[in-house]
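Undergrad: Just a sequence and a predicted model for now, questions to come.
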Amino acid sequence: MYASQSTGWFGQLIQRSNDGGQTWEPVGNNFAYQSTPGTHLWYDGTQHPWEFKPVWRLEPSLTDPDVVYAGVEDAALFRSADAGQTWQELGGLRDAKGHLWQPGAGGMCLHTIILDPANPRPIFVAISAAGAFRSDDDGQTWLPVNKGLISAFELPDSATEVGHCVHNLAMHPSRPEVLFMQKHWDVMRSDDSGDSWHEVSGNLPSDFGFPIAVHAHEPNTIYVVPIKSDSEHYPPDGKLRVYRSRSGGSEWEPLTNGLPQSDCYVNVLRSALAVDTLPSCGIYFGTTGGQVYASADSGDTWAPIVRDLPAVLSVEVQTLP
């Protein structure tokens, strides 16, 4: 297991556990941009130098136990081939119009890394606020894959290749060509590995949110947690509802059994929704109010499994033999 710690006092630390989290040890923290970083654009049109801040996402390889990827802010992708001891930037990503990337409200962060368990060469990443990107050669070269995304307020030109605020991506391992996206506004789907996207927000009460996940055994069943808007980060009408689509989007049903349906003003962040691989497929999510909810039946019923934590930033699930 890997964990990223980032504080103003100790800076950025990567910790690794070899015993399921019982004990931890610090590993390499030698993150440095591969080449002269240059500058990137901010919304006011000014250029700002690239600066390494925290690690946002750690994603172990699905095929090599010594390989792990790290997404960082300012947005870049790093790879370790020795279980986190040393890191090297996959600098080709910033060649994909990196000078035009802009920060979202949480910073200019690479927050999502999607790998294909059957093929180690394709990699997908999402950056706020730059968009989605794909590499077909193990991270050496990259393409923006944002065709069909619409960000009318931020990017009035629909042909703009980068600058979209993508919040999250999800993929089922049995169908690596099908991707689902929760964007700043809109839930989107691609059936061609990101080459084109179409909206599947359907009858959601709001298409703004952060997490998205796919059922472990039903590649056409997806989950989102809508919140009211980009300025009001709480569930519509104060009702905490997970929404499920069994049709790959467009038609959605609210899942409410066991969740608070009045006066609930929490948020569910982009990494705080997860699924297990048990036959019934458990669904889990954490809130900014410190609750973690679990469903053992694919979302039909829910129960809190812990309360009164600090804000939950990430939920990960491991199915033990």
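TA: Looks like it came in fine. Numbers count the residues shown, from 1 in each chain.
Undergrad: Could you find the closest non-adjacent residue to residue 151?
TA: Excluding its sequence neighbours, the residue lying closest to residue 151 (C-beta to C-beta, 6 or more residues apart in numbering) is residue 164, at 5.1 Å. The C-beta positions use only the backbone N, C-alpha and C, and glycine is treated the same way.
Undergrad: what's in contact with stretch 270-284?
TA: 57, 111-112, 167-168, 182, 210-218, 223, 225, 242, 285-287, 292-299, 305, 312-319 (C-beta atoms under 8 Å, 6 or more residues apart in numbering).
Undergrad: I'd say the residue nearest to residue 151 and residue 130 touch.
TA: Yes - counting by C-beta atoms under 8 Å, residue 164 sits close enough to residue 130 to count as a contact (7.3 Å).
Undergrad: of the two, who's got more company?
TA: Between residue 164 and residue 130, counted using other C-beta atoms under 10 Å, residue 130 has the larger neighbour count: 31 against 26.
Undergrad: The more buried one and residue 263, how far apart?
TA: Remark: distance between residue 130 and residue 263 (C-beta to C-beta, to the nearest Å) = 37 Å.
Undergrad: next one: residue 257
TA: 18 Å.
Undergrad: Pick out whichever of the two has more residues nearby.
TA: Each of residue 257 and residue 263 has its neighbours counted (other C-beta under 10 Å); residue 257 has more, 13 against 7.
Undergrad: The more buried one touches residue 301, doesn't it?
TA: Yes - the pair residue 257 / residue 301 is scored as a contact, 4.6 Å apart, by C-beta under 8 Å.
Undergrad: My understanding was that residue 146 contacts residue 165; is that so?
TA: No - applying C-beta under 8 Å, one finds residue 146 not in contact with residue 165, separated by 10.8 Å.
Undergrad: what's near enough to touch the nearest residue to residue 310 once chain neighbours are set aside?
TA: For residue 310, ignoring the flanking residues on the chain, the nearest one in space by C-beta to C-beta, 6+ apart is residue 290 at 5.9 Å. With contact set as C-beta under 8 Å, 6+ apart, residue 290 has these partners: 307, 308, 309, 310, 311, 312.
Undergrad: Neighbour-wise, which one of the residues you listed leads?
TA: residue 312 leads the contacts of residue 290 on contacts (other C-beta under 10 Å) with 21 neighbours.
Undergrad: and that one, what does it touch?
TA: Residue 312 neighbours (C-beta under 8 Å, 6+ apart): 269, 272, 286, 287, 288, 290, 291, 292.
Undergrad: Apart from its chain neighbours, what residue comes closest to the third one?
TA: Counting by C-beta to C-beta, 6+ apart, residue 286 lies nearest to residue 312, which is 2.7 Å off, once chain neighbours are set aside.
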